[in-house]
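**Student:** Based on what follows, work out the 3D shape:
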Amino acid sequence: MQSIRRERFGDFSVLHREASVEGRTAVHFAHATGFNAETYRELLLSLDPALDVYAMDARGHGMSEAPADPKKLRSWVQYRKDLEALVDTLSRPTVLAGHSMGATVSLELAAARPDLVQGLVLIDPVIVPPLHIPMLAVARSLGLAGRLVPISQLAARRRMEFPSREAAVENYVGKGPFRTWPREWIEAYVEGGTVATAQDTVRLSCERAWESKSFSVATVNPYRPLKQLRCPITLIAREHAGPPFTRESRDAFMRCQPGTRLLILEDASHFMAMEHPEIARAEIERMAQAVRSKLG
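**Tutor:** Next up is the predicted model:
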């Protein structure tokens, strides 16, 4: 199996698995809020060896060291600009894939820079129902958005420190949002998202204030960039949908982009990338093959 290594891109940490064939299609996988690129290592390593695979730790996450002041975070535009800076250096046909926030930011980059993105694979993106947009817009203008986003409040109280990485893993196994994750995915999340402290403990590298603010400043109206997309799209969603991508959001998405390849998973939660990585892998490879065939 090919190895994946950690590289530096300015202040950012990027996982990179080189393609077995020079000059082939690149794939970037963008992680969810609060997670890190390492979390998805099993998926990244399973992809077709002919693909050049990248996964960057977003600002304030994982091993990236870019400034992350919650008081200065106003929207997900900064995340999109950070991803754009990396993808702009790849100089080859590129497919963007992502989970949750990573899917939405990838979508926004494809809309802003269609020259950089030849295909999208979106796994349960963060997209609010159209009817909620006015309320969220008003709340955002009044600085009250965090109160309307329960997960933002939960993140603000997240436990940050553990005696060891092993203790952190045990703390998560079978609990809360991690209850459906295979153990090796939790171990990868902890490996890529904790740092040692001077007290011989480990601490989550994504500060809870940053994670909480990231949830509360999610894009209010992603339908504008969604309508601008011109590349092929694959959307993977849940049958029993709830926030952050409800059935109403999915229907609105499909009205904006009726040509989207839509996969609805019956037995899946928002963490479908962890529960069904074989589906994510197959769809990323399918999109990359379609891009290669189109470009000759």
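**Student:** Tell me the pLDDT of Tyr132.
**Tutor:** To be clear, residue 132 is His; Tyr isn't right here. Per-residue pLDDT puts His132 at 84.
**Student:** Please tell me I have it right and Asn221 contacts Pro134.
**Tutor:** No: assessed by C-beta atoms under 8 Å, Asn221 is found out of contact with Pro134, at 9.7 Å. No exception for glycine: its C-beta is placed from N, CA and C like everyone else's.
**Student:** which of those two has more neighbours?
**Tutor:** Taking other C-beta atoms under 10 Å, Asn221 and Pro134 do not tie; Asn221 has more neighbours (14 against 11).
**Student:** tell me what the top helix by length along the chain is packed against?
**Tutor:** Identified as the longest helix of the chain according to DSSP state H is helix 277-295. Counting by 3 or more C-beta pairs under 8 Å, 6 or more residues apart in numbering; DSSP states H and E, the packing neighbours recorded for helix 277-295 are strand 26-30, helix 41-46, strand 94-99, strand 119-123, strand 233-238, strand 261-265, helix 272-275.
**Student:** chain center to the shortest one, what's the gap?
**Tutor:** Using C-alpha atoms, centre = their mean, to the nearest Å, the mean C-alpha position of helix 272-275 is found 12 Å from that of the whole chain.
**Student:** quick one, strands of the stretch 1-150 of the chain?
**Tutor:** 5-9, 12-17, 26-30, 52-56, 94-99, 119-123 (DSSP state E, counting those that start in this stretch).
**Student:** right, and the ones you listed - which one's nearest Ser64?
**Tutor:** Taking C-beta to C-beta, strand 12-17 is the member of the strands of the stretch 1-150 of the chain nearest to Ser64, at 4.5 Å.
**Student:** Give me the sheet partners of that closest one and which way each runs.
**Tutor:** Taking DSSP bridges as the criterion, strand 12-17 pairs within the sheet with strand 5-9 (antiparallel), strand 52-56 (antiparallel).
**Student:** which ones are touching Thr246?
**Tutor:** Pro129 (C-beta atoms under 8 Å, 6 or more residues apart in numbering).
**Student:** Quick check, pLDDT for it.
**Tutor:** pLDDT recorded at Thr246 is 94.
**Student:** low-scoring stretches of the stretch 101-250 of the chain, by residue?
**Tutor:** 139, 142, 144-148 (pLDDT under 70).
**Student:** now the helices: where do they sit in it?
**Tutor:** 101-112, 133-141, 150-155, 165-172, 183-193, 208-216, 223-228, 247-256 (DSSP state H, counting those that start in this stretch).
**Student:** Centroid-wise, who is the farthest residue in the protein?
**Tutor:** Gln199 (31.5 Å; C-alpha atoms, centre = their mean).
**Student:** what separates the nearest residue to Glu84 once chain neighbours are set aside from Asp57, distance-wise?
**Tutor:** Excluding the flanking residues, the one nearest Glu84 by C-beta to C-beta, 6 or more residues apart in numbering is Leu109, at 5.4 Å. Distance, Leu109 to Asp57, by C-beta to C-beta, to the nearest Å: 16 Å.
**Student:** just Phe271 next, same as before
**Tutor:** From Phe271 to Asp57 the distance is 19 Å (C-beta to C-beta).
**Student:** of the two, who's got more company?
**Tutor:** Counted by other C-beta under 10 Å, Phe271 and Asp57 do not tie: Asp57 has more neighbours, with 28 against 21.
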